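**Student:** return atomic coordinates for the entry below.
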Amino acid sequence: MAQVPPKMTTKELVAVLHAGARTNFDHPFRRGNLIQLPAPGRVTMSGDLHDHSRNFARLVTVACLDRSPHNHLVLHELIHTGDPAVSDHCHSYHLVAEGAKLVIRYPGQVHYLLGNHAMAQVSRDEVLKNGRPMVKALRDGAHHEFGEEADHVLQALDEFILSMPLAIRSENRIWMSHTLPSPRSFKTFDNKILDKKLTPLDMNRDLSLRSLCWDRRHDAATLEALRDLWQVDLFVVGHQAQDMGYARLFDRMIILASDHSHGCYLPFDLGKPYTPDELAMAIKPLSSIA
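**Tutor:** Numbering: from 1, shown residues only. This is a model prediction of the structure:
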């Protein structure tokens, strides 16, 4: 299913993750945990990838980051493999590091958002995929590969995850995050989570943070409330599995999945307004990229 990225030594992997964390915090468009993307520009938005390195490579190809400094790539959930054929040892930290390399190489162009699996990796709050406990599988994979040095890799991975922004708001009023607060969570949602520096304790206890990474079961009324709160019109997220690569909810919400052969991505122009139908029509299959 996936092409395996070139493996790095412990020293290389740790250095890349540390440098990626520093670059995340130095992002030129970042304010707190929110990235505010100006026009002009072009965005390539992904869904969850879950160690699908072939689709990762396709996204990098289509994003054309070398062609213009105004081309942007949005990534989330590279961690925790979704391949049921893989053993109980998960080595997805290598693809996370490939994402960190892009963050470093293209500062201000590559935006790696926090998702629930990444959050669980820091909190050690176990999360299942295909019936497997993924936090344990990644820990076991690191110890199998790096032995006594595995803890250095896991600590660097935590640091990189804690540096990830939570959301992107574009000048043309499109919001991108891993997911959105549900109706129940929105009642107590504290927008200040977009301003503060995240800590490991937040990963365990902050309910507003959790709602931006874990929630499902949205409704039209909550989307309208979020439009007013964030001053946006359209929402693009991942998190919820989509067999055909995408779904539309309540007209203004698009859910993308990029972690399988029917995976999709969303390219759009930062310099023009979009109706809900126009944005949905821009969704493309990753299989169309050579």
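**Student:** any idea which helix is longest in this structure?
**Tutor:** For the chain, the helix that runs over the most residues, judged by DSSP state H, is helix 10-25.
**Student:** give me the next element, helix or strand, following that helix.
**Tutor:** Proceeding N to C from helix 10-25, the next assigned helix or strand is strand 30-31, under DSSP states H and E.
**Student:** I'd like to know which elements the helix or strand just after that following strand is packed against.
**Tutor:** Sequence-wise, the next helix or strand downstream of strand 30-31 (DSSP H and E) is strand 34-37. For strand 34-37, the elements it packs on are strand 167-170, judged by 3 or more Cβ pairs under 8 Å, 6 or more residues apart in numbering; DSSP states H and E. C-beta coordinates here come from the backbone N, C-alpha and C atoms, glycine included.
**Student:** contact partners of the strand it packs on?
**Tutor:** 33-37, 39, 43, 74, 111, 113, 175-177, 194, 212, 230-232, 270 (Cβ atoms under 8 Å, 6 or more residues apart in numbering).
**Student:** got it, and stretch 182-201?
**Tutor:** With contact meaning Cβ under 8 Å, 6+ apart, stretch 182-201 is reached by 31-34, 114, 122-123, 158, 162, 166-167, 181, 202, 206-212, 215-219, 221-222, 225-226, 229.
**Student:** what residues of the longest helix of the chain count as buried?
**Tutor:** 10, 13-14, 16-21, 23-24 (16 or more other Cβ atoms under 10 Å).
**Student:** just the helices in the stretch 151-290 of the chain please.
**Tutor:** In the stretch 151-290 of the chain, the segments counted as helices under DSSP state H, counting those that start in this stretch are 183-186, 200-205, 207-214, 220-230, 276-281.
**Student:** out of these, nearest to residue 236?
**Tutor:** Closest to residue 236 of those, according to Cβ to Cβ: helix 276-281, at 7.7 Å.
**Student:** mind saving the C-alpha coords of that closest one as PDB?
**Tutor:** Extracted C-alpha coordinates of helix 276-281, given in PDB (Å, rounded to 0.1, in the frame of the first residue of the first chain):
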ATOM      1  CA  PRO A 276     -20.000  25.700  -0.800                       C
ATOM      2  CA  ASP A 277     -20.700  24.000  -4.100                       C
ATOM      3  CA  GLU A 278     -17.600  25.600  -5.800                       C
ATOM      4  CA  LEU A 279     -15.300  24.400  -3.000                       C
ATOM      5  CA  ALA A 280     -16.800  20.900  -3.100                       C
ATOM      6  CA  MET A 281     -16.300  20.700  -6.800                       C
END
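**Student:** got a list of contacts for the helix or strand containing residue 121?
**Tutor:** Counting by DSSP H and E, the element that carries residue 121 is helix 116-123. Contact with helix 116-123 is made by 50, 76-77, 79-80, 125-127, 129, 134-135, 138, 157-158, 161-162, 164, 178-179, 200, 203-204, 209-210, 213-214, 239, as judged by Cβ under 8 Å, 6+ apart.
**Student:** quick one: which of those sit in strands?
**Tutor:** Among these, the members found in strands (DSSP state E) are 76, 129.
**Student:** please convert the buried members of the contacts of helix 116-123 into PyMOL selection syntax.
**Tutor:** Of these, the buried ones can be selected in PyMOL as follows, counting by 16+ other Cβ under 10 Å:
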select buried, resi 50+76+77+79+80+127+129+134+135+138+157+158+161+162+164+178+179+203+209+210+213+214+239
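**Student:** how close does the closest residue to residue 261 other than its chain neighbours get to residue 253?
**Tutor:** Computed as Cβ to Cβ, 6 or more residues apart in numbering, the closest residue to residue 261 that is not its neighbour in sequence is residue 287, at 6.5 Å. Distance from residue 287 to residue 253, counting by Cβ to Cβ, to the nearest Å: 24 Å.
**Student:** ok so, going back, just the buried ones from the contacts of stretch 182-201?
**Tutor:** 33-34, 114, 122-123, 158, 162, 166-167, 181, 202, 206, 208-212, 215, 218, 222, 225-226.
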